[in-house]
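J.: only geometry, no sequence info:
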């Protein structure tokens, strides 16, 4: 079964360029503004959109994404509303892949079977659930794959060749390589080390490799795009969003533009790197 994610990465390969994957938290700073920003991302240059599912204990996330999740929860965002957000997005965009990213607890409470059915009906293409290791694949990964969703796994600098096959076993869509050890947004990745790591992963899988954590500028994005199939940016976009809010944390007339302007810069950086299409 071919998903929108598979189609998009095939298109990128044909175009001879890396993709830009953008991450934002659903419902940050409120539902309406979040929907307006996400709806504007493809035109700004996003090739794949990751949407965070707000959770009270996001252990892998740095301060920016943690704060975004808390803003969203305070504004009343729920998992049901996150699926509604995707449904609304799909009314205007049938092609851009949507990946939901987060933690297992809210999905478990929602009910796995119900969640998968509702996610597919809403127009979700893939899941990244950071606290479910391969040993727990029967919980969500295998049911998600069976239902037709991609299940995207994280590989890190500490994922050695012995561990990598287990990480990749039921992964589909793409592999998300975490370019630094630690939490999101904490440091800037080293492009040479990243390129070497991507080559190592590709010895184990034919899947595209997207690289994230720490990419903040168009220059960072350009450097990473030289060795990766896609560049993932999250914390930098959320920082832009937060800086555009008023003193009470409410959106302003410049909030949507603050995010999409940076997305356009990042997209220009990524797209400036031409790659051999038939690699």
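T.: That came through fine. Since we're looking at a predicted model, the values are computed, not measured.

J.: use CA for all of it now, contacts and neighbours both
T.: Fine.

J.: of all the residues in stretch 11-21, which ones are buried?
T.: 12, 13, 16, 17, 18, 19, 20, 21 (16 or more other CA atoms under 10 Å).

J.: do the same with stretch 143-163
T.: For stretch 143-163, a neighbour-count test (16+ other CA under 10 Å) marks 143-145, 148-156, 159 as buried.

J.: pull the distance from that stretch to the chain's centre.
T.: Taking CA atoms, centre = their mean, to the nearest Å, the mean C-alpha location of stretch 143-163 is offset from the chain mean by 14 Å.

J.: which other residues reach that stretch?
T.: Stretch 143-163 is contacted by residues 1, 3, 5, 113, 116-117, 120, 124-130, 141, 164, 167-168, 170-181, 197 when judged by CA atoms under 8 Å, 6 or more residues apart in numbering.

J.: does the residue nearest to the spatial centre of the chain count as helix, strand or coil?
T.: Centroid-nearest residue in the chain: residue 50, 3.3 Å away (criterion: CA atoms, centre = their mean). Assigned state for residue 50: strand (three-state reduction, DSSP: H, G, I helix; E, B strand; the rest coil).

J.: isn't it right up against residue 26?
T.: No: applying CA atoms under 8 Å as the test, residue 50 and residue 26 come out as separate, 9.5 Å apart.

J.: what about the helices in the stretch 1-150 of the chain?
T.: 4-15, 31-44, 63-74, 79-90, 104-110, 112-122, 141-147 (DSSP state H, counting those that start in this stretch).

J.: looking at the ones you listed, which is nearest to residue 229?
T.: helix 4-15 (8.0 Å; CA to CA).

J.: from residue 172, how far off is the residue of the chain positioned farthest from its centre?
T.: Relative to the C-alpha centroid of the chain, counting by CA atoms, centre = their mean, residue 247 is the outermost residue, at 28.5 Å. Here the criterion is CA to CA, to the nearest Å. By it, residue 247 lies 42 Å from residue 172.

J.: what's the neighbour count on residue 72?
T.: Residue 72 has 23 neighbours, counted by other CA atoms under 10 Å.

J.: I figured it hits residue 29, correct?
T.: Yes: judged on CA under 8 Å, residue 72 makes contact with residue 29 at a distance of 5.7 Å.

J.: and stretch 177-186, what's its mean pLDDT?
T.: For stretch 177-186, mean pLDDT is 68.

J.: and stretch 37-48, which residues are buried?
T.: Buried residues in stretch 37-48, defined by neighbour count with 16+ other CA under 10 Å: 37, 38, 39, 40, 41, 42, 44, 45, 46, 47, 48.

J.: which ones are touching the closest residue to residue 194 other than its chain neighbours?
T.: Distances taken as CA to CA, 6 or more residues apart in numbering place residue 179 nearest to residue 194, at 6.2 Å, with adjacent residues excluded. By CA under 8 Å, 6+ apart, the contact list for residue 179 reads 156, 157, 189, 190, 194, 211, 212, 213, 214.

J.: which residue ranges form the helices in the stretch 151-279 of the chain?
T.: 164-168, 191-202, 218-225, 235-243, 255-271.

J.: list the buried ones in the helix or strand of the chain at the bottom of the mean pLDDT ranking?
T.: Least confident element among the helices and strands of the chain, by mean pLDDT, DSSP states H and E: helix 191-202 (a mean of 90). Within helix 191-202, the residues that count as buried by 16+ other CA under 10 Å are 191, 194, 195, 197, 198, 201.

J.: what is it packed up against?
T.: Helix 191-202 sits against strand 209-212, helix 218-225, with contacts defined as 3 or more CA pairs under 8 Å, 6 or more residues apart in numbering; DSSP states H and E.

J.: winner for burial among those?
T.: Among those, ranked by average contacts under mean count of other CA atoms under 10 Å, first place goes to strand 209-212 (a mean of 28).

J.: can you list contacts of that strand?
T.: With contact meaning CA under 8 Å, 6+ apart, strand 209-212 is reached by 174-179, 194, 198, 201-202, 224, 228-233.

J.: next step: the residues you listed restricted to strands.
T.: Residues from these lying in strands, with DSSP state E as the criterion: 175, 176, 177, 178, 230, 231, 232, 233.

J.: top of these by number of neighbours, please.
T.: Greatest neighbour count in the ones in strands among the contacts of strand 209-212, by other CA under 10 Å, goes to residue 231: 31 neighbours.
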